[in-house]
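S.K.: Using only what follows, build the 3D model:
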Amino acid sequence: MDKRVVDRECFEVVETLAENAYIGRGRFDWSKVQREAHRLLDERFGESQVELCVEKCKG
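M.R.: Numbering: from 1, shown residues only. From the prediction side, this is the model:
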């Protein structure tokens, strides 16, 4: 079982980035989301937490 915990605040920011990267027909520019999330959040939450949030947001 995966014991990694997603930080709620980090996830909410990634979710907002995804909403802003919507390109239509249920598709998102995940490379843009990932790039922006790492740029904005790595220092605060750590690279692995940001990556986990991006993966959880993807579904």
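
S.K.: Strands along the chain, start to end?
M.R.: Counting by DSSP state E, the chain has strands at residues 22-24, 27-28.

S.K.: What is the burial count for the residue nearest to Phe11 when sequence neighbours are not counted?
M.R.: Using CB to CB, 6 or more residues apart in numbering and skipping residues adjacent in sequence, the residue nearest Phe11 is Cys53, 4.7 Å away. Where you see a C-beta, it was placed from the backbone N, CA and C, and this is true even at glycine. When neighbours are defined as other CB atoms under 10 Å, Cys53 has 25 of them.

S.K.: contacting residues for Cys53?
M.R.: Val6, Asp7, Cys10, Phe11, Val13, Val14, Ala37, Leu41, Phe45 (CB atoms under 8 Å, 6 or more residues apart in numbering).

S.K.: Would you mind putting the residues you listed into a markdown table with neighbour count, distance to Ala21 and pLDDT alongside?
M.R.: What follows is the contacts of Cys53, written out as a markdown table (neighbours: other CB atoms under 10 Å; distance: CB to CB, whole Å; pLDDT from 0 to 100):
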| residue | neighbour count | distance to Ala21 | pLDDT |
| --- | --- | --- | --- |
| Val6 | 14 | 19 | 91 |
| Asp7 | 17 | 20 | 94 |
| Cys10 | 22 | 16 | 96 |
| Phe11 | 18 | 15 | 96 |
| Val13 | 20 | 13 | 97 |
| Val14 | 28 | 10 | 97 |
| Ala37 | 23 | 10 | 98 |
| Leu41 | 21 | 15 | 97 |
| Phe45 | 20 | 19 | 96 |
